[in-house]
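**Student:** A predicted structure for the sequence below; I have some questions about it.
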Amino acid sequence: MSEKSGAKELSPIDVYMLLPKTNCKKCGLENCMAFATKLVNREIALELCTPLLEKPYEKNYQKLCNMLKPPVKEVTVGTGDTTVKIGGKLVMYRHELAYFNPTAIAIDVTDEMPEEELLIRVKKTEGFSYTYIGKELKLNMIAVRSTSNEPEKFRSTVKKVVENTKLPLILCSFHPEVVEAGLTAASKTRPLIYAATKDNWKDMAELALTYNCPLAVFAPNDLKLLRSLAKTLMEYGVQDLVLDPGTFPNEGLTDTISNLTMIRRAACKRGDELLGFPIMGTPITAWTEHSDIAEVNMWNEAYLASILINRYADILIMHSIEGWVLLPTTILRQNIYTDPRKPVAVEPGIKVFGQPDENSPVMMTTNFALTYFTVASDIEQSGINCYLIVVDSEGLAVDSAVAGRKLTAEKVAEAIKQVKIEEKVKHKKLIIPGKAARLSGEIQELSGWEVLVGPRDSSEIPKFLQEKWQ
Ligand code: SF4
């Protein structure tokens, strides 16, 4: 089979040829070519071209659906507001387009856990929240594991979890009768069933079809078997699969990474539909090494999770609930799943901190999101009342923006005018970032404002103001 690269090879003209080509603007765009370009870039839904949904274009619509179908199927778990979408990947490498559907992270509970511990873990999972560059980082699912292998125990545990969270569930057991007991307690929530194996696949397939649930397939370190199970299950009628080739810590790490890479390569580069499903990683296996020191297990789990997020995992099951494990994991996920085609930027303009008056400091920074939120957080934490002018640097940080002429004295002078800061303060002093020092003279000349060169690091703003701001 030849290598191909999913979405990248699709050209706007291929798509355009199948559109109605009437330029009717019903999709909100100027013409069909503009719509085709956005479709190829995955920036618009096909269904927004309403004429295409009419009878005469039925065949074209079907062809377009097939052309735009991602090589990794998108699978949904759960229902309602907290539904999680996994997979739906169009490319193997992020820089080829962008990654969609960030890796979902599930935290485990077991049916042998004391009730109090179980409820605390569920609450902590649902309540985990951290704001990073203006985005809220959250955990996504609860994995309920049967360690007792007793159907009744599992049913009552799943019931308890369903009563206490809206997060989607993964029901984990290799025993179909145990999974079925769990499903009866979560029948309306479309959980992910974990997992079908070579020994139980038929019973698990029946459960997936009866309860209309996605099904994970587990074939540890055996891609041939995994592919063959996927084929069998699809022929049996189960269409929403998740592939788990096993996660092996320490000595097994090479196999783990290699398996995940081969699966994703087969789907994205060779169009192998049997491996074109979301992949599951289980960093929780770090705990099977049984270090006496819990922190060592947590550390191992954190690095396993980060490797798996980097190497194509669409869903993870984890055990650690500690912030120092989950924070770097969720931040890494956030960084990988930003769209590389778009700079991470905030709206330029004026931001007000506290209750500034006519004598308050006026500072300036760029609209790169990481820069802005770092500066904003340093200002907020020190309780400074001030104005911050955010200049449009096309999403670049201060030093890169100065070097690349995206932050110029002209832009700063124009921003001062546009935000009408002269109506808010009675002085004409602007504090610029230390990394933009070389623009100071020019800004002063063009704007007529006295420029004070501030610190290179925004954490030093409070000290700077104390010493220099009269
Ligand atoms: Fe073209 Fe469809 Fe948009 Fe009309 S709605 S302009 S036919 S893409």
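**Tutor:** That came through fine.
**Student:** for the residue of the stretch 201-350 of the chain found nearest the ligand, what are its contacts?
**Tutor:** For the stretch 201-350 of the chain and the ligand, the shortest gap (CB to the nearest ligand atom) falls at R341, measuring 21.6 Å. (C-beta placed from N, C-alpha, C; glycine too.) Residues in contact with R341 (CB atoms under 8 Å, 6 or more residues apart in numbering) are N41, L97, A98.
**Student:** Check V238 too.
**Tutor:** Applying CB under 8 Å, 6+ apart, we find V238 in contact with A205, A208, L209, L215.
**Student:** And it, its phi and psi?
**Tutor:** With angles defined as degrees, to the nearest 10, V238 sits at phi -90, psi 120.
**Student:** and if you look at S129?
**Tutor:** Per degrees, to the nearest 10, the backbone of S129 is at phi -160, psi 130.
**Student:** Please apply the same query to K351.
**Tutor:** Taking degrees, to the nearest 10 as the convention, K351 sits at phi -110, psi 140.
**Student:** wouldn't it be in contact with E380 here?
**Tutor:** No. If you go by CB atoms under 8 Å, K351 and E380 don't touch, sitting 10.5 Å apart.
**Student:** quick one: which of the two has more around it?
**Tutor:** Neighbours per residue (other CB atoms under 10 Å) separate K351 from E380, with K351 holding more: 19 against 11.
**Student:** residue contacts, that one?
**Tutor:** Per CB under 8 Å, 6+ apart, neighbours of K351: A376, Y387, L388, V390.
**Student:** Break this structure into its domains for me.
**Tutor:** For the chain, the structural domains run 12-68, 74-336, 349-468, going by automatic domain parsing.
**Student:** Make a markdown table out of those and add mean pLDDT.
**Tutor:** Below are the domains of the chain laid out as a markdown table (pLDDT from 0 to 100):
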| stretch | mean pLDDT |
| --- | --- |
| domain 12-68 | 94 |
| domain 74-336 | 96 |
| domain 349-468 | 95 |
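**Student:** Could you identify which of those domains is most buried?
**Tutor:** Neighbour counts (mean count of other CB atoms under 10 Å) averaged over each of the domains of the chain peak at domain 74-336, with a mean of 19.
**Student:** May I ask which helix or strand encompasses N60?
**Tutor:** Assigned by DSSP states H and E, N60 falls within helix 58-68.
**Student:** Parallel or antiparallel, which strands does the next helix or strand after that helix pair with?
**Tutor:** Next along the chain after helix 58-68, taking DSSP H and E as the criterion, comes strand 74-77. Its sheet considered, strand 74-77 pairs with strand 84-87 (antiparallel) by DSSP bridges.
**Student:** Show me what the partner strand is in contact with.
**Tutor:** 70, 72-78, 101, 103-104, 140-141, 168, 242, 277-278, 314-315.
**Student:** The next helix or strand after it packs against which elements?
**Tutor:** For strand 84-87, the following helix or strand on the C-terminal side (DSSP H and E) is strand 104-110. Here strand 104-110 touches helix 115-127, strand 141-145, helix 151-164, strand 315-318, helix 323-336, going by 3 or more CB pairs under 8 Å, 6 or more residues apart in numbering; DSSP states H and E.
**Student:** let's go with 7 Å and repeat that
**Tutor:** helix 115-127, strand 141-145, strand 315-318 (3 or more CB pairs under 7 Å, 6 or more residues apart in numbering; DSSP states H and E).
**Student:** Neighbours of P340, how many?
**Tutor:** So P340, with other CB under 10 Å, has 14 neighbours.
**Student:** so it makes contact with H95?
**Tutor:** Yes. Counting by CB atoms under 7 Å, P340 touches H95, with 5.8 Å between them.
**Student:** what's the spacing between the closest residue to G454 other than its chain neighbours and S440?
**Tutor:** For G454, ignoring the flanking residues on the chain, the nearest one in space by CB to CB, 6 or more residues apart in numbering is I431 at 4.4 Å. Using CB to CB, to the nearest Å, we find I431 at a distance of 10 Å from S440.
**Student:** do G182 as well
**Tutor:** 65 Å.
**Student:** what's the answer for G271, then?
**Tutor:** For G271, the distance to S440 - CB to CB - is 56 Å.
**Student:** L229 now?
**Tutor:** In terms of CB to CB, L229 sits 66 Å off from S440.
**Student:** next one: I293
**Tutor:** Look at I293 and S440: by CB to CB, they are 53 Å apart.
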